[in-house]
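Chemist: Pasted the sequence and its predicted model underneath.
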Amino acid sequence: MTANLDWKSLGFDYTKTDFNVRYTYTDGKWGEMEVTSDEYVPMHMSASCLHYGCELFEGLKAFRGVDGKIRLFRPEENAKRFISSARRLCLPEPTVEMFVKACEECVKRNARFVPPYESGASLYLRPVMFGTSVGLGVRPSKDALIVVYCSPVGPYFKSGIKPIRVAADRSQDRSAQHGTGDVKVGGNYASSLLCGEMAHKNGFANVLFLDSVERRFIEECGAANFFAIKDGQYITPKSPSILPSITNKSLRQIAQDLGLEVVERPIDIEELSTFEECGACGTAAVISPIGFVHDMQTGKDYQFDMENVGEWSMKLYNTLRDIQYGRCEDKHGWNLVVEVEE
């Protein structure tokens with residue numbers, strides 16, 4: 001039975017579902033997968049995640065396709081990144097199989113919350129790991145808890161994909177050059193909040209972060225990767241402090257399939273004036289086309305099209321969405337079809 005929700009009014013926020021899935025690591029080993037309806041996590045006030053940032057997470061989506069089937073998009077890739085984040089924080093590493101099994105079980109248990117195909121909405125999954133060892137010293141957590149929960153979310157652009165205004169800010173760094181920018185840990189997002197709030201107050205949808213050394217090379221756009229189109233090329237920044245986006249990885253393959261040359265290299269902010277199209281890409285929106293960039297320190301503006309989405313951005317967006325919703329051949333085998341009884 002489908003949940004009684006107003007699917008059209010869903011935003012990107014938490015809506016209570018029926019179950020979440022958990023793994024606990026104690027005494028040097030992972031326990032069996034547990035399923036619970038409890039939304040809360042019992043935790044000691046001196047747990048390492050609360051004091052020293054021993055916490056990481058992922059984000060992925062499940063879609064109800066045109067054929068009625070439910071598809072999880074590339075969960076193995078999220079699993080690999082989850083493991084990489086755990087390794088960086090010296091937390092116990094789950095296996096890819098554990099991660100994918102938990103995501104699949106979470107979707108099965110909450111299948112009635114997977115939005116109808118016609119709604120354009122999806123089921124967002126949030127796997128998160130907490131270091132739970134009790135103590136005061138700064139040291140790796142020997143105990144951990146993984147929780148995989150989900151929430152139905154609406155389409156990022158309710159009235160259709162459209163260009164956004166972005167501010168480039170050299171005054172704050174998202175991540176240090178040899179820090180944790182390439183893994184998905186909570187501290188990266190905490191450090192971006194002040195900059196993001198300042199941008200929003202000035203009428204910008206997002207912040208374009210530059211490298212932390214020379215402050216001239218583009219890294220990420222808010223919590224998303226950056227890409228540009230120029231002379232038949234799909235260009236995306238190359239840096240050790242950029243999170244390897246699964247959406248960007250997918251778009252690079254699609255771009256190649258569509259005949260674009262894929263180039264990963266450092267991108268100077270001054271290059272913005274030479275690009276035909278550019279955008280941010282990530283799980284939430286797939287692609288957010290960029291129509292205008294304002295450099296908050298130099299005062300220089302980079303104007304694109306604020307009224308129309310670029311031809312290539314639209315092709316890339318539509319192709320990826322078609323794969324996720326089962327409207328075209330999944331020739332790279334990205335979708336995991338979740339078998340549910342409804």
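Modeler: It's in.
Chemist: how about V138, what does it touch?
Modeler: Counting by C-beta atoms under 8 Å, 6 or more residues apart in numbering, V138 touches Y52. All C-beta spots, glycine's among them, are computed from the backbone N, C-alpha and C.
Chemist: what phi and what psi does the backbone show at it?
Modeler: phi -80, psi 110 (degrees, to the nearest 10).
Chemist: can you give me the strands in the stretch 1-150 of the chain?
Modeler: 20-26, 29-30, 34-36, 55-57, 60-64, 70-73, 122-131, 144-153 (DSSP state E, counting those that start in this stretch).
Chemist: between those strands, which gets nearest to E339?
Modeler: strand 70-73 (8.4 Å; C-beta to C-beta).
Chemist: What strands line up against that closest one, and which way round?
Modeler: strand 60-64 (antiparallel), strand 335-338 (antiparallel) (DSSP bridges).
Chemist: Next, the angle from the longest one to strand 122-131.
Modeler: Yep, that's strand 60-64 we're talking about. 150 degrees (axes from the mean of the first three to the mean of the last three C-alpha atoms, to 10 degrees).
Chemist: what about strand 60-64, distance to the chain center?
Modeler: Averaging C-alpha positions (C-alpha atoms, centre = their mean, to the nearest Å) puts strand 60-64 13 Å from its chain's average.
Chemist: do the same with the last one
Modeler: Computed by C-alpha atoms, centre = their mean, the separation of strand 335-338 from the middle of its chain amounts to 19 Å.
Chemist: what comes up buried for it?
Modeler: Neighbour-count burial for strand 335-338, with 16 or more other C-beta atoms under 10 Å as criterion, is recorded at N335, L336, V338.
Chemist: Can you verify my assumption that C106 contacts V21?
Modeler: Yes. C106 is in contact with V21 according to C-beta atoms under 8 Å; the separation is 4.8 Å.
Chemist: Give the residues shared as contacts by those two.
Modeler: Common neighbours of C106 and V21 (C-beta under 8 Å, 6+ apart) are V148, Y149.
Chemist: before we move on, back to that, mean neighbour count for the strands of the stretch 1-150 of the chain - can I get that in a markdown table?
Modeler: Formatted as a markdown table, these follow (neighbours: other C-beta atoms under 10 Å):
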| stretch | mean neighbour count |
| --- | --- |
| strand 20-26 | 20 |
| strand 29-30 | 12 |
| strand 34-36 | 13 |
| strand 55-57 | 22 |
| strand 60-64 | 24 |
| strand 70-73 | 24 |
| strand 122-131 | 24 |
| strand 144-153 | 22 |
